[in-house]
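> Build the 3D model from these lines:
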Amino acid sequence: MALLTVQGAELAFGHHALLAGVDLAIEPGERIGLIGRNGTGKSSLLKAIAGELRLDAGEIRHAGGVRVVFLPQEPVFEPGLSVSQAVAGALAPDLDEHEAWQSAHRVEATLSRFGLDGEAAIDTLSGGQRKRVALAQAMVREPDLLLLDEPTNHLDIAAIVWLEGVLRAFRGAVLMITHDRRFLDAVVTRIIELDRGILRSYPGDFATYLRRKADELSAEALERARFDKLLSQEEVWIRKGVEARRTRNEGRVRRLQALRAQREARRERIGRARLAVDAGEKSGKLVAELIDATVRFDGRAVLHEVSCLIQRGDRVGIVGPNGAGKTTLLRTLLGEQRPDAGRVRLGTQLQLAYFDQLREQLDPEATVADTISPGSEWVEIAGQRIHAMSYLERFLFEPARARSPVRTLSGGERNRLLLARLFARPANLLVLDEPTNDLDIDTLELLEELLDDYPGTLLLVSHDRAFLDAVVTQTLASEGDGRWQEYAGGWSDVEAARQRQAASATAAASAPRAGVAGEDRMRPPPAPVTGAAEAPPSARREPSRAKLSYREQRELEALPERIAALEAEQQQLATRLADPATYRGGDGEAASLRAMNERVAAIETELMGCLERWEALEARRG
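Next up is the predicted model:
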């Protein structure tokens, strides 16, 4: 039996229908992802289910005793509360006098499960920590149906992965709005899409939805082409002249009128944003370089002897937990933050465009159009003048919306507006600090396409793993205690490299070790942007000694040459993959890129095997 049923839901704002006869049934244990373009009514549907918004028509029915808990996108807390007080306060409305004595235990257990300090003051918490407290408030009530609006906003990658585990282990049903594609794939059992007032259901994860949606759109386009052809033929027939009018078939006339009405009522698929960016003049080859840079706050090293080089055309992702120092690293790279030790070198002819995570650059009282082009009706991009209204339409702002003040925009619309203003200015260095928050999936994919074609240099801070994988060519990742490591590729490459490092460390800890001096000469130095201390010689285990066979002796002698060849090929591929020109080809070039990336992964595996084999043979030879 369904926990909750929505039947014939109707909701409109002005002439625009958000819900047009929506039906939905939620079964126990389902984890449903609600997706759709910003402004299509997703949050309104969630609020209606939660009882916070009244429908124009239709009904919502709950099974007996079902407890529904709604977690909004921006949780609000009473000032002055501690974490434990906030969580206990959420529990109070659901308790009767017989259950009240158990509340302290439930609160304590929930705080422990969510890793929260009950004594901490809510007012001192970061956005990510406040989101975790709000989720604890929801879970402590033990809901049968949990409604989540953008639960991953303000969470770092580690917290998002943690939340995936929490929701997979949750025994109740979940209906959530999110645009995080990796999160959807990891958590949901069904996708529902709200598009032009209609709700469509797709069992399975997000990848399954994409395949089915592509098939649907192809069929829809074909059907509409057939309809338009028939309508065109009937319009030609009705206008043939006096002879046709004399022999007119009244049934055919009525059919034409019905076709016209159907065509007029047909709601076209929402347009896609067309994004472009003026890359300005080419910068110098060097964009920025840190040399043993250290930055401390309150005695804690946010950057500890960090060295890295950013060159023209690099697309660099910066990832790490909230509070790790990502923004500090950005500001240091841009010369806005002087290091306490070490040096910073900046390139020449840099034209910077900065996307502000907190959207502080937007005047809430200015109109959307004035924000793009203050005092003028025109925007100039790459030497071409474009009317401000036409430019805003590319970012899905209708003329009426373009005259609205910024304060009336949703979070996604504000992000889109800031991107529109950012891309209207020439820039050969784009700095994007959390640009993906509140953007719908269509806009995310278009932004990925834009950045893929952008010839300048990109510095990107993001917790969106799919976006990082699609956009960046190298990643600076926080390793804790002010240390930062550089990895080739996006987030998936960081995960894979860390797994290999962990496996190698485990194997090294459990295997006999010898020939340390030879190993230090042979093994290539690690590629961190900070130094990492080697284990002290006293901690290394004494090797066992055994005579090698003739074949093993020859194998050992050949390994250094093989390792050197693999390292040389690895370096050549890394150079090609770091060159922006590599990414400007067509379909054939895409196949070549896939082959290069596959070869990089194969080299890494083979190189690790050679090093481990060399170590084992050297240890036996003594």
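> in the chain, which helix or strand is least confident?
Each helix and strand of the chain was given a mean pLDDT (mean pLDDT, DSSP states H and E); the minimum falls on helix 516-522 at a mean of 42.
> pull the longest helix from this protein.
helix 587-621 (DSSP state H).
> Packing partners of it?
Counting contacts by 3 or more C-beta pairs under 8 Å, 6 or more residues apart in numbering; DSSP states H and E, helix 587-621 packs against helix 491-510, helix 516-522, helix 550-578. Placement of C-beta: from N, CA and C, glycine included.
> Give the buried residues for the last one.
Translated: helix 550-578. Glu552, Leu556, Leu559, Ile563, Leu566, Gln570, Leu573, Ala574, Leu577 (16 or more other C-beta atoms under 10 Å).
> could you list every residue that touches the nearest residue to Arg315 once chain neighbours are set aside?
Spatial nearest neighbour of Arg315, chain neighbours left out: Leu458 (4.3 Å); criterion: C-beta to C-beta, 6 or more residues apart in numbering. Residues counted as contacts of Leu458 (C-beta atoms under 8 Å, 6 or more residues apart in numbering) are Asp314, Arg315, Val316, Leu429, Leu430, Val431, Leu432, Leu451, Val471, Val472.
> For Leu458, pull up the helix or strand it's in.
strand 457-461 (DSSP states H and E).
> again with Arg141
Arg141 is part of no helix or strand, with elements assigned from DSSP H and E.
> Quick one: low-confidence residue ranges for this structure.
Per-residue confidence for the chain (pLDDT under 70) gives these ranges: 15, 93, 95-101, 231, 233-281, 356-360, 382-383, 511-551, 578-591, 622.
> I'd like the distance between the residue nearest the centre of the chain and Ile563.
By C-alpha atoms, centre = their mean, the chain has its centre lying nearest to Asp464, at 2.2 Å. For Asp464, the distance to Ile563 equals 37 Å [C-beta to C-beta, to the nearest Å].
> Which helix or strand lies directly C-terminal to the strand or helix carrying Leu419?
Using DSSP H and E, Leu419 sits within helix 411-423. Downstream of helix 411-423, the next assigned helix or strand under DSSP H and E is strand 429-433.
> which helices and strands does that next one pack with?
Packing contacts for strand 429-433, counted by 3+ C-beta pairs under 8 Å, 6+ apart, involve helix 326-333, strand 352-355, strand 457-461.
> Could you list the residues in contact with it?
Contacts of strand 429-433 (C-beta under 8 Å, 6+ apart): 277, 283, 287, 327, 330, 334, 350-357, 422, 451, 454, 456-462.
> Quick one, which of the residues you listed are buried?
For the contacts of strand 429-433, a burial check counting by 16+ other C-beta under 10 Å picks out 277, 283, 287, 327, 330, 334, 350-351, 353-355, 422, 451, 454, 456-462.
> His304 is in contact with Gly480, isn't it?
No. With contact defined as C-beta atoms under 8 Å, His304 and Gly480 do not form a contacting pair (9.9 Å).
> neighbour-wise, which of those two wins?
Neighbour count, other C-beta atoms under 10 Å: between His304 and Gly480, His304 has more, with 22 against 10.
> Excluding covalently adjacent residues, which one is nearest to the more buried one?
According to C-beta to C-beta, 6+ apart, the nearest residue to His304 is Gly482 (3.2 Å).
> just Gly317 next, same as before
In space, Gly317 is closest to Val472, 3.7 Å off (C-beta to C-beta, 6+ apart).
> likewise Arg403?
Using C-beta to C-beta, 6+ apart and skipping residues adjacent in sequence, the residue nearest Arg403 is Thr367, 5.6 Å away.
> What's opposite that neighbour in the beta bridge?
Pro405 (DSSP bridges).
> Please tell me how far Gln474 sits from Leu468.
In terms of C-beta to C-beta, Gln474 sits 11 Å off from Leu468.
> the more surrounded of those two?
The neighbour count for Gln474 versus Leu468, taken as other C-beta under 10 Å, is higher for Leu468 (25 against 19).
> and the next element down the chain from the host helix or strand of that one?
Taking DSSP H and E as the criterion, Leu468 maps to helix 465-471. On the C-terminal side of helix 465-471, the closest following helix or strand by DSSP H and E is strand 474-480.
> now, among the contacts of Leu458, which is nearest to Ala134?
Nearest to Ala134 among the contacts of Leu458 is Leu432, at 26.6 Å by C-beta to C-beta.
> Tell me the spacing between the closest one and Leu330.
As judged by C-beta to C-beta, Leu432 and Leu330 stand 10 Å apart.
> what sits in contact with each of the two?
Counting by C-beta under 8 Å, 6+ apart, the contacts common to Leu432 and Leu330 are Leu459, Val461.
> gap between whatever helix or strand Met389 lives in and the chain center?
Met389 is located in helix 388-394, with elements delineated by DSSP H and E. The chain centroid and the centroid of helix 388-394 are separated by 26 Å under C-alpha atoms, centre = their mean, to the nearest Å.
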